[in-house]
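> following is a predicted model, sequence given first.
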Amino acid sequence: LLLGCELTASTKSYTFQVDEEDDSDHILALSMVCLTDGAKDECNVVEVVGRNHENQEIAVPVANLKLSCQPLLSLDNFKLQPPVTFRLAAGSGPVHLTGWHRIMHREDVSFEDDDLSEEDEEELPPIKPAKK
C-alpha cells in the first residue's frame, strides 16, 4: 500500500497507526520528503515521533529542507514501526511525504526448512587463488 501525506502550517502533524487488535506485522517505509508548490525559502524540519523500547516518546529529525538548496530528500525506504507521527517541527511547508506500508500476516510466514529444496540452492564456483 502506498502512503502519502502533506504537512503544512495549518496541519503540522500526521499520525499513521494500525488497529491494535490486528495480529499482522506492519512495516512503514518512508521513501521521499519534498517541498511542494507554495513553499517559502525557509528551513522546514520534519521529525518522526515514535516510542522507544521503554515506551517513551522520542522525536528524531529526518529531514531539513530549504527551497534554494535542498528541496527534496530521498530516504531510501527508511523503515518504521507503526504507530508513528510525522511532524513539521520548523517551517511552514508544504512538505509532502511518500512511502509504503507493508502488511505481513503471521499465518503466511513459515520458518520451516521443508520449503527449501537442494535444487533451489545456487551452486557457487570454487575459489581460485589470485595471480601474482
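Now that the structure is in, tell me what you want to look at.
> every contact and neighbour count from this point should use C-alpha atoms.
Noted.
> quickly list what Leu73 is bridged to.
Counting by DSSP bridges, Leu73 forms beta bridges with Val33.
> got a list of what it touches?
The contact partners of Leu73, by C-alpha atoms under 8 Å, 6 or more residues apart in numbering, come to 32-34, 63, 65.
> and of those, the nearest to Thr98?
Proximity of these to Thr98 (C-alpha to C-alpha) peaks at Met32, which lies at 5.3 Å.
> got a list of what the closest one touches?
72-77, 97-99.
> which PyMOL command selects the buried ones in these?
Per 16 or more other C-alpha atoms under 10 Å, the buried members of the contacts of Met32 correspond to this PyMOL selection:
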select buried, resi 72+73+75+97+98+99
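> you'd agree Lys40 is in a strand?
No. Lys40 is assigned coil when assessed by DSSP: H, G, I helix; E, B strand; the rest coil, not a strand.
> quick check: the gap between it and Thr85.
23 Å (C-alpha to C-alpha, to the nearest Å).
> cool, and Gly38?
In terms of C-alpha to C-alpha, Gly38 sits 23 Å off from Thr85.
> same thing with Leu75?
Counting by C-alpha to C-alpha, the separation of Leu75 from Thr85 is 16 Å.
> surely Ser31 and Leu75 touch.
Yes. Under the criterion of C-alpha atoms under 8 Å, Ser31 makes contact with Leu75 at 5.0 Å.
> shared neighbours, these two?
With C-alpha under 8 Å, 6+ apart, Ser31 and Leu75 have no common neighbours.
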